[in-house]
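Undergrad: Generate coordinates for the sequence data below:
(2 chains)
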Amino acid sequence: SQQGEEDPQALSIQEGENATMNCSYKTSINNLQWYRQNSGRGLVHLILIRSNEREKHSGRLRVTLDTSKKSSSLLITASRAADTASYFCATDLGGSYIPTFGRGTSLIVHP
Amino acid sequence: GAGVSQTPSNKVTEKGKYVELRCDPISGHTALYWYRQSLGQGPEFLIYFQGTGAADDSGLPNDRFFAVRPEGSVSTLKIQRTERGDSAVYLCASSLYRGHEQYFGPGTRLTVT
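TA: Coordinates of the predicted model:
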């Protein structure tokens, strides 16, 4: 069964625009991670946010976590064509430390 | 090592055959995970090792699947009597300790004909 679900399933934007993806989950977590995947192979780790954190930044990426709503968002600012990929959130069921993935958001950035 | 490596990158086998997929984690990483991913889906958890022992194998779909990590480093995922439904990309990931960032290998694309 899948713990996290990303929304939207697909997102198409123009280069320079911001892209926001959301992740909702069902049970308590220790941490939440966001990944990027190009061409169906090799996930690249983007950001890990722990349950006691509310926001983290890395370059053009901003991740927020709201444990009361059991949701997280990933914001990519000033998007580039190279950001075109699938984005996944992975949450660990509370206490398990085993990241489980949603189906992902497919992002297309048009040059 | 520079990153997680997996061999082979592609494997085509006939239904009923036995296959082994290998994962070399990042040196010093104690936790190792196997996932499989079908087209359009997210990675599906199979098994997690902490050191040499399988700490959680609840994701293995049936007893045709087995994995080992005898020296706490390299891991091998073994699939017996392969079925067409086993076709997927098999991903391996490692992390320094459980609960830390996972680093994924490029995957092995298994095709069962």
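Undergrad: mind listing what B:Gly99 touches?
TA: A:30-31, A:92, A:97 (CB atoms under 8 Å, 6 or more residues apart in numbering or on different chains). (Glycine included, C-beta is placed from N, CA and C.)
Undergrad: Now the helix or strand of chain A with the lowest mean pLDDT: buried residues?
TA: When each helix and strand of chain A is scored by mean pLDDT, DSSP states H and E, strand A:5-7 comes last, with a mean of 86. Going by neighbour count (16 or more other CB atoms under 10 Å in any protein chain shown), the buried part of strand A:5-7 is A:5-6.
Undergrad: give me the low-pLDDT residue ranges for the chain?
TA: Looking at chain A here, since you left the chain open. For chain A, residues meeting the criterion pLDDT under 70 lie at A:1-3, A:40, A:94-95.
Undergrad: Switch to chain B, please.
TA: B:1.
Undergrad: who in it is up against chain A?
TA: B:33, B:35, B:37, B:39-45, B:48, B:56, B:89, B:91, B:93, B:98-107, B:109 (CB under 8 Å from any CB of the partner chain).
Undergrad: what about burial for those residues, which qualify?
TA: The buried subset of those - by 16+ other CB under 10 Å - is B:33, B:35, B:37, B:42-45, B:48, B:56, B:89, B:91, B:93, B:98-107, B:109.
Undergrad: Could you tell me the phi and psi values at the residue in chain A that chain B sits nearest to?
TA: Closest residue of chain A to chain B, CB to the nearest CB: A:Phe101 (3.5 Å). Backbone geometry at A:Phe101, expressed as degrees, to the nearest 10, gives phi -110, psi 150.
Undergrad: Could you check how far the closest residue to it other than its chain neighbours is from B:Asp24?
TA: Sequence neighbours aside, B:Gly42 is the residue nearest to A:Phe101 in space, at 3.5 Å (criterion: CB to CB, 6 or more residues apart in numbering or on different chains). Using CB to CB, to the nearest Å, we find B:Gly42 at a distance of 24 Å from B:Asp24.
Undergrad: And the residue of chain B that's closest to chain A?
TA: Per CB to the nearest CB, B:Gly42 is where chain B lies closest to chain A, at 3.5 Å.
Undergrad: residue ranges for the strands of chain B, please.
TA: Taking DSSP state E to define them, one finds strands in chain B at B:5-7, B:10-13, B:19-24, B:31-37, B:44-50, B:53-56, B:65-68, B:75-79, B:88-95, B:103-104, B:108-112.
Undergrad: who's in contact with the residue nearest to A:Ser106 when sequence neighbours are not counted?
TA: Spatial nearest neighbour of A:Ser106, excluding adjacent residues (CB to CB, 6+ apart): A:Ala10 at 4.6 Å. Contact analysis of A:Ala10 by CB under 8 Å, 6+ apart lists A:105-108.
Undergrad: okay, these in JSON lines with secondary structure and neighbour count next?
TA: Putting the contacts of A:Ala10 into JSON lines (DSSP: H, G, I helix; E, B strand; the rest coil; neighbours: other CB atoms under 10 Å in any protein chain shown) gives the following:
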{"residue": "A:Thr105", "secondary structure": "strand", "neighbour count": "23"}
{"residue": "A:Ser106", "secondary structure": "strand", "neighbour count": "18"}
{"residue": "A:Leu107", "secondary structure": "strand", "neighbour count": "21"}
{"residue": "A:Ile108", "secondary structure": "strand", "neighbour count": "14"}
